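1. Any chance you could fold what I've pasted below:
(one chain, ligands or ions: 1)
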Amino acid sequence: MSIWPQWEALAAWWRTRRLVRKLRTRADIEAWQGRQLARLQRDVLPLLPFYRDVDATELEGLPVIDKRLLMSRFEDFNLPGITADEGWAALTSGGRVGEFHVGASTGTSGNRGLYVISETERWRWLGTMIAKTMPRLRRARIALILPLDTSLYAAARGGLLKLRFFDLKQGLEACAEGVTALDPDTLIAPPKVLRWLCDNGGPLRRVRHVFSAAEVLDPRDREIIEARFGVSVREIYMATEGLLGVACEHGTLHLCEDCVKFEYEQPVRGSELVTPIITDFSRQTQAMVRYRMNDLLRLRDTPCPCGSPLQAVAQVEGRMDDLLHLPGVGGVVTVTPDVMRNAIVGADRSIDDFRLVQTAADRLELSLTSALAAEAARAALERLLLAMGAQATIDVTIAPVLEVSARKLRRVERRWQP
Ligand SMILES: [Zn+2]
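-> Modelled structure (predicted):
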């Protein structure tokens, strides 16, 4: 591989750090985003078939898109005109179409999303992420354990940085062996992998920085991982859709408003949770404009002591797909995943893992590792359902170990479609 793409990572690092100094207030951010969005509308969108016939001068005039629309007209949203069929075929044979890289999300089949980026963009992504996780360049050994398609990243090595990617599809044991051999000071991995490393990983004495990425970080997982490594866990909010947020040194998750414009919708009446609609102005190969995400966020309304004007997030609470819809006295009752989770983990101090799946219109399946805790959790859920006026039968399963796979972990999940 030529050395130039790696320079893109360094350039992105420098740009990101410069923006931290430049964007001091909300007004600075809005002005910066305004200029970037104007550039996107002027230079990129006219080249894409989907936007050719859309007549809009303001961002607000562009249509809101979702995964279904994006996947059905994939070729109309990317500059090389790669179709979804070509993308899926490329994924099974090295992940490239010409000079472009194709990747996919790890969702359930039928619900997976594709993306296409250039070589330059993927190194930029890496540089931006390192700039946001490591404000000062220092000597570092970084282990990135992610559910990636192997072709997307190889090891990167510079004078100061030693960075290795581990593909979760190799299995946790193989990843853990590699991580132990690298002896990293920085771990970036989904929380379920960090939890697994707590119990099964090697000594990992050098670890000083732990980042949770790609999945929802439950408060209980955070406690366990922090106790094991003796450092605070910082969150990275990322998806197929890109790099969306990184926690600052105070542990507050800040949205990447220097690269992405966020708009919000309130999907559940009476809940403070919002769903973001994102416009990523750092992307060029594939447009991600007014794209409705599947996530549920709780925004924080107090400023962070770090002084960053980037919007802070109190918690990523789960996904829209996992809103439970239960029958109730006065019609359907919609319950957000965080409410269910809090009832379960609050029922018994010993509960540090569980699964709750809606399997039918009025059926919930609760899995835990201890029968005693399961009874407490069932009782807590029943009280909660009663208080909300919802009705459902709760089936309890006791299993010695709860499933951990390369698939995204969702402790509260809806497998039933209304
Ligand atoms: Zn902060």
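
2. Any idea which helix or strand in the protein has the lowest mean pLDDT?
-> Least confident helix or strand of the chain, by mean pLDDT, DSSP states H and E, is strand 156-157 with a mean of 56.

3. So Glu403, which state does it fall into?
-> coil (DSSP: H, G, I helix; E, B strand; the rest coil).

4. what's near enough to touch it?
-> Arg355 (C-beta atoms under 8 Å, 6 or more residues apart in numbering). Using the backbone N, CA and C atoms, a C-beta is placed for each residue, glycine as well.

5. tell me the pLDDT at it?
-> Glu403 carries a pLDDT value of 72.

6. ok, Leu253 touching Ala247?
-> Yes. Under the criterion of C-beta atoms under 8 Å, Leu253 makes contact with Ala247 at 4.7 Å.

7. Common neighbours of these two, please.
-> Glu235.

8. Can you pull the residues of the stretch 101-250 of the chain lying near the ion?
-> 248, 250 (C-beta under 5 Å from the ion).

9. And the helices in this protein, which stretches?
-> For the chain, the helices defined by DSSP state H cover 4-22, 26-39, 49-52, 67-72, 84-91, 119-133, 172-182, 191-200, 219-229, 337-347, 371-388.

10. could the ones you listed be laid out in JSON lines, adding mean neighbour count and mean pLDDT?
-> Shown next, in JSON lines, are the helices of the chain (neighbours: other C-beta atoms under 10 Å; pLDDT from 0 to 100):
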{"stretch": "helix 4-22", "mean neighbour count": "16", "mean pLDDT": "88"}
{"stretch": "helix 26-39", "mean neighbour count": "14", "mean pLDDT": "96"}
{"stretch": "helix 49-52", "mean neighbour count": "16", "mean pLDDT": "94"}
{"stretch": "helix 67-72", "mean neighbour count": "16", "mean pLDDT": "92"}
{"stretch": "helix 84-91", "mean neighbour count": "17", "mean pLDDT": "92"}
{"stretch": "helix 119-133", "mean neighbour count": "22", "mean pLDDT": "88"}
{"stretch": "helix 172-182", "mean neighbour count": "17", "mean pLDDT": "88"}
{"stretch": "helix 191-200", "mean neighbour count": "20", "mean pLDDT": "89"}
{"stretch": "helix 219-229", "mean neighbour count": "17", "mean pLDDT": "92"}
{"stretch": "helix 337-347", "mean neighbour count": "20", "mean pLDDT": "90"}
{"stretch": "helix 371-388", "mean neighbour count": "16", "mean pLDDT": "94"}
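
11. possible to save these as a markdown table with distance to Phe211?
-> Compiled in a markdown table, those are given as follows (distance: least, C-beta to C-beta, whole Å):
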| stretch | distance to Phe211 |
| --- | --- |
| helix 4-22 | 16 |
| helix 26-39 | 24 |
| helix 49-52 | 34 |
| helix 67-72 | 26 |
| helix 84-91 | 26 |
| helix 119-133 | 6 |
| helix 172-182 | 14 |
| helix 191-200 | 9 |
| helix 219-229 | 10 |
| helix 337-347 | 22 |
| helix 371-388 | 30 |
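
12. and of those helices, who's closest to Arg411?
-> Among those, the nearest to Arg411 by C-beta to C-beta is helix 337-347 (6.3 Å).

13. counting contacts, what elements does the closest one pack onto?
-> For helix 337-347, the packing partners by 3 or more C-beta pairs under 8 Å, 6 or more residues apart in numbering; DSSP states H and E come out as strand 295-299, strand 312-319, strand 355-360, helix 371-388, strand 412-414.
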